[in-house]
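K.L.:
Okay, here's the prediction I keep looking at, along with the sequence it came from:
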Amino acid sequence: MPLGPVEPQRLYRQIAEQVRALITGGELTPGSRLPAERDLAKQMGVSRPSVREALIALEVEGWVEVRTGSGVYVLDRAGRASGNGTQVPPAEWGPLELIRARRVIEGEIASLAATQAKRRHIQAIREAIDTMREATDRGIAPLEGDRAFHTAIAQSCDNVVLLETVQTFWDARRGPLFERLGDYFETVPSWRMAIAEHEAILDAIRAHDGPAARAAMQAHMDKSHARFSASWRRANSS
């Protein structure tokens, strides 16, 4: 399979374009299964998370179908209307790359919050976690509470640039790539794990322990990244 190296700029889009070219060129035919993520990553000289983002983009746009426990298969687009399927915006960030960026920036924001948070900020963080727990108990993805949690931490820093950065990061998860990835790997058990991670962040901020708050936020992002990077065989297994 003639796959070549790609440059690390909007990497997932470049990977997706190479795979799409193989499909349109007839080298990957409808119904055929794509090589495993690890094999694609090795051939292209990229990371497996970048390959996963590319495969999700191709699925969103109707080129492939991810069958959990089986693999990724090329769809038959014959007879489909032109432009069928959602188009991924050219500027959309890759979900896993976004989580890595949040780890760096929100880790420092949590550390700063631990030194500056006042009682009202800590109460807002507490209420956001409670909102998350209430939604999860009803089997609803607790997105509203999750956004409120990260926003409340940023608000305590009294810096509008940091606040708007966090809001932009979080709102990026509303894009089609992140939503589709969430369809596979976000479950009630995964949200309960996230809530426990949020509690650890709150505990460190309440204790005014900057290093602990940074470590707790970074650990949360690392675990989030791991959940979205898990084997497809584990998708929706809980």
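P.N.:
Cool, the structure landed. Numbering: from 1, shown residues only.

K.L.:
if I look at the residue sitting nearest the centre point of the chain, how far off is residue 63?
P.N.:
With distances taken as C-alpha atoms, centre = their mean, the residue of the chain nearest its centroid is residue 95 (3.6 Å). Counting by C-beta to C-beta, to the nearest Å, the separation of residue 95 from residue 63 is 18 Å. Where you see a C-beta, it was placed from the backbone N, CA and C, and this is true even at glycine.

K.L.:
on that earlier part again, now do the same contact list for the residue nearest to the centre of the chain.
P.N.:
By C-beta atoms under 8 Å, 6 or more residues apart in numbering, residue 95 lies in contact with 53, 56, 173, 177-178, 181, 228.

K.L.:
where does the residue lying closest to it once chain neighbours are set aside fall, phi/psi-wise?
P.N.:
Distances taken as C-beta to C-beta, 6 or more residues apart in numbering put residue 178 closest to residue 95, at 4.3 Å, once the chain neighbours are dropped. Main-chain dihedrals, residue 178, degrees, to the nearest 10: phi -70, psi -40.

K.L.:
how about residue 191, secondary structure?
P.N.:
Using DSSP: H, G, I helix; E, B strand; the rest coil, the secondary structure recorded for residue 191 is helix.

K.L.:
Tell me if I'm right that it and residue 133 touch.
P.N.:
No. Residue 191 is beyond contact range of residue 133, at 9.1 Å (criterion: C-beta atoms under 8 Å).

K.L.:
Of those two, give the one with the bigger neighbour count.
P.N.:
Legend: neighbour count by other C-beta atoms under 10 Å for residue 191 and residue 133, higher for residue 191 (21 against 17).

K.L.:
Now do that one against residue 13, distance only.
P.N.:
Per C-beta to C-beta, residue 191 is found 29 Å from residue 13.

K.L.:
In this protein, what residue spans correspond to helices?
P.N.:
For the chain, the helices defined by DSSP state H cover 11-24, 37-44, 48-60, 95-116, 119-137, 143-155, 160-171, 176-185, 188-206, 210-228.

K.L.:
Pop the domain breakdown of the protein in here.
P.N.:
11-74, 95-234 (automatic domain parsing).

K.L.:
Can you list the neighbours in contact with stretch 50-59?
P.N.:
11-13, 15-16, 19-20, 34, 37, 40-41, 44, 64-66, 72, 88, 94-97, 177, 180-181, 228-229.

K.L.:
Now do the buried residues in it.
P.N.:
Using 16 or more other C-beta atoms under 10 Å as the test for burial, stretch 50-59 gives 50-59.

K.L.:
what's the answer for stretch 141-161, then?
P.N.:
Of the residues in stretch 141-161, 141-143, 145-157 count as buried by neighbour count, 16+ other C-beta under 10 Å.

K.L.:
and those residues, which two are the farthest apart?
P.N.:
Within those, two members stand farthest from each other by C-beta to C-beta: 141 and 157, at 26.8 Å.

K.L.:
count of neighbours near residue 68?
P.N.:
Residue 68 has 13 neighbours, counted by other C-beta under 10 Å.

K.L.:
what about it, distance to residue 158?
P.N.:
Applying C-beta to C-beta to residue 68 and residue 158 gives a distance of 45 Å.

K.L.:
swap in residue 209?
P.N.:
According to C-beta to C-beta, residue 209 and residue 158 sit 19 Å apart.
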